[in-house]
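Peer 1: Below: sequence and its predicted model.
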Amino acid sequence: MGVARRARDLAAGAAGAVTARRHLLPARLDRALDVAKWARTPWTADACDVPTLVSPRSGRPARVLVGPANFAGQGLAWASALDRAGVPAVCWAFAADPRFRFGADHRAPLTAVHRASRAYQRRVFDRVVETVEAVVIEAGRPLFGRLHGYDPVAEAHALQAHGVRVALLWHGTDIRVPSVHAATHPDSPFGTADARTRSLEAVALRNRRRAAAFDGPVLVSTPDLLPVWPGARWCPVIVDADTWSSDEPLLARDRPLVVHAPSNRALKGTDLVERAVGTLEGEGLLTYREVAGVPADEVRDLYRGADVVLDQFRLGIYGVAACEAMAAGRVVVSQVDAQVRAEVAATGHALPVRDTAPDGLEATLRDVVTDRARARELAARGPAFVRALHDGRRSASVLVDALGLEAPADR
């Protein structure tokens, strides 16, 4: 091994060690590391104009800006829900990986945003405070690049100083501490402190340290996160039930079609799924299909034609994928914590997901194949459940109330 390579390896190892402990660094040094990181990337020419602050759905100036994560397209879904409630809103999305660019009112590569000039970022900030009443900052990610040291909470304070209301909104791994999850969930995907888990731990702890200095409303997209940040409010994920609805007969095949479309195999517990369905498929009881990394339209077609959708078996949650499968009227099997079911029940609705522990998945699928009438009854409740909690009305109401906005009088 040459001297240069050894030097690079040592530098990479040192950088990794620092990254895994950034939550322990003083805030000023932490911000300086972000500045140094982006200083190494190629310079980006400024855009000709600032991102749109006019809702393309209503044509009216936005009262609310949501961004910049837009995970699973939810930033746009929340902005659209606000529009339907009479509150014009826009969604900005900054993506590091173009493969995960969901639709948004404004999209930009992360490097273009973070490497734009300070003067341009000031123009963007000034236009925002001149236009909107409120900003929802997602996932602890900055909207204005270097202007406030790549620190979203510093951005929140600057916005509040100009009279703009701000909420922080968390999606999951951005605020969930892996070591805490592993201590309370025997099948947690974070049971092994590998490099990926250590990185997620550092991200969550860093976000929590920053968020502790924020004095505004905090929102979470799934109910499992409510205990993670006491005092947070649940802003449900949104799914278009009509788009996902299906008239395919359910459990009419001799061998039901069981599907699994993991966005992340480790987090979803795909290894546990494969272990259970392998035996059943070998016995000729079902047909199993697994897909990953395919376009959303293909996943939608797969769910709509399936009999059973296997969601996740390590986190204890339900999210966008489960809602999509419920909207399609499919039998959804997953492992959902009692706390999550209790939060849902508090809304007056029961979660129509067949609950099973990972070691009980094989038995649960045998029961679905055997007692098809019971399984059909559960699945039939899915579309109405999604329309009641996840069509955007409840989410818009939570956002309007949390941000202290005045709702239109005619709504």
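Peer 2: Perfect, thanks for sending it.
Peer 1: What separation is there between the residue lying closest to residue 354 once chain neighbours are set aside and residue 366?
Peer 2: Spatial nearest neighbour of residue 354, excluding adjacent residues (Cβ to Cβ, 6 or more residues apart in numbering): residue 333 at 4.6 Å. C-betas here are computed from N, CA, C, even on glycine. As judged by Cβ to Cβ, to the nearest Å, residue 333 and residue 366 stand 12 Å apart.
Peer 1: still on that earlier bit, did I read that right, the residue nearest to residue 354 in a strand?
Peer 2: Yes - counting by DSSP: H, G, I helix; E, B strand; the rest coil, residue 333 is part of a strand.
Peer 1: my guess is it contacts residue 369, does it?
Peer 2: No - Residue 333 lies out of contact with residue 369 (Cβ atoms under 8 Å); the separation is 11.7 Å.
Peer 1: Settle it for me: which of these two has more neighbours?
Peer 2: Each of residue 333 and residue 369 has its neighbours counted (other Cβ atoms under 10 Å); residue 333 has more, 26 against 19.
Peer 1: Who are the contact partners of that one?
Peer 2: The neighbourhood of residue 333, defined by Cβ atoms under 8 Å, 6 or more residues apart in numbering, consists of 308, 309, 310, 311, 353, 354, 356, 361, 364, 365, 368.
Peer 1: so the residue nearest to residue 354 bridges to which residues?
Peer 2: Per DSSP bridges, the residues bridged to residue 333 are residue 310, residue 354.
Peer 1: Would you map the strands across this structure?
Peer 2: Listed in chain order, the strands of the chain (DSSP state E) span 64-67, 89-95, 106-109, 134-138, 165-170, 218-220, 233-234, 257-260, 287-290, 308-310, 331-334, 354-355.
Peer 1: and the ones you listed, which one's lowest on average pLDDT?
Peer 2: Among the strands of the chain, strand 106-109 carries the lowest mean pLDDT, at a mean of 90.
Peer 1: what's that strand packed up against?
Peer 2: With contacts defined as 3 or more Cβ pairs under 8 Å, 6 or more residues apart in numbering; DSSP states H and E, strand 106-109 has these neighbours: strand 89-95.
Peer 1: what lines up beside the strand it packs on in the sheet?
Peer 2: In the sheet, strand 89-95 lines up with strand 64-67 (parallel), strand 106-109 (parallel) (DSSP bridges).
Peer 1: Ok, which of those comes nearest residue 259?
Peer 2: Evaluated over the strands paired with strand 89-95, closeness to residue 259 peaks at strand 106-109, with 29.5 Å, by Cβ to Cβ.
Peer 1: Buried residues, that closest one. List them.
Peer 2: Across strand 106-109, burial judged by 16 or more other Cβ atoms under 10 Å covers 106, 107, 108.
Peer 1: Give me the below-cutoff pLDDT ranges for the stretch 251-400 of the chain.
Peer 2: In the predicted model, the stretch 251-400 of the chain carries no residue with pLDDT under 70.
Peer 1: Please enumerate the helices of it.
Peer 2: Secondary structure of the stretch 251-400 of the chain (DSSP state H, counting those that start in this stretch): helices at 265-268, 270-282, 296-305, 320-327, 338-345, 361-370, 372-380, 382-389, 393-402.
Peer 1: between the strands paired with strand 89-95, which gets nearest to residue 131?
Peer 2: The nearest among those, by Cβ to Cβ, is strand 64-67 at 8.2 Å.
Peer 1: Pull out the buried positions in stretch 252-262.
Peer 2: Here stretch 252-262 shows 256, 257, 258, 259, 260, 261, 262 as buried, counting by 16+ other Cβ under 10 Å.
Peer 1: Stretch 259-274 too?
Peer 2: Neighbour-count burial for stretch 259-274, counted by 16+ other Cβ under 10 Å, picks out 259, 260, 261, 262, 263, 267, 268, 269, 270, 272, 273.
Peer 1: re the thing from before, wait, which of the buried residues of stretch 252-262 is closest to residue 52?
Peer 2: residue 261 (32.3 Å).
Peer 1: which ones are touching the closest one?
Peer 2: The contact partners of residue 261, by Cβ under 8 Å, 6+ apart, come to 290, 291, 292, 294, 299, 302, 303, 309, 321.
Peer 1: What count of nearby residues applies to the fourth one?
Peer 2: Spelled out, it's residue 294. 11.
Peer 1: and if you look at the second one?
Peer 2: Summarising burial for residue 291: neighbours were counted as other Cβ under 10 Å, giving 12.
Peer 1: can you dump the C-alpha coordinates of stretch 207-227 into CSV?
Peer 2: Backbone C-alpha positions of stretch 207-227 (Å, rounded to 0.1, in the frame of the first residue of the first chain) are rendered in CSV as follows:
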residue,chain,number,x,y,z
ASN,A,207,-30.8,16.9,15.2
ARG,A,208,-32.1,16.5,18.7
ARG,A,209,-29.4,18.7,20.1
ARG,A,210,-30.3,21.4,17.6
ALA,A,211,-34.0,21.0,18.1
ALA,A,212,-33.7,21.5,21.8
ALA,A,213,-32.9,25.1,21.1
PHE,A,214,-36.2,25.6,19.1
ASP,A,215,-39.2,27.0,20.9
GLY,A,216,-41.9,26.5,18.3
PRO,A,217,-44.2,23.6,17.4
VAL,A,218,-42.8,20.2,16.5
LEU,A,219,-44.6,17.8,14.3
VAL,A,220,-44.0,14.1,13.4
SER,A,221,-45.3,12.2,10.4
THR,A,222,-46.0,8.9,12.1
PRO,A,223,-47.5,8.2,15.6
ASP,A,224,-44.6,6.0,16.7
LEU,A,225,-42.5,9.2,16.9
LEU,A,226,-44.7,10.9,19.5
PRO,A,227,-42.9,9.4,22.5
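Peer 1: Run a quick neighbour tally on the nearest residue to residue 188 once chain neighbours are set aside.
Peer 2: Take residue 188 and drop its neighbours on the chain: the residue closest to it by Cβ to Cβ, 6+ apart is residue 182, 4.2 Å away. Neighbour count of residue 182, defined by other Cβ under 10 Å: 18.
Peer 1: coming back round to it: now tabulate the contacts of residue 333 in a markdown table and tack on neighbour count and distance to residue 190.
Peer 2: Output for the contacts of residue 333, formatted as a markdown table (neighbours: other Cβ atoms under 10 Å; distance: Cβ to Cβ, whole Å):
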| residue | neighbour count | distance to residue 190 |
| --- | --- | --- |
| 308 | 26 | 27 |
| 309 | 26 | 24 |
| 310 | 31 | 21 |
| 311 | 26 | 18 |
| 353 | 27 | 22 |
| 354 | 20 | 25 |
| 356 | 21 | 21 |
| 361 | 22 | 20 |
| 364 | 18 | 24 |
| 365 | 27 | 26 |
| 368 | 25 | 29 |
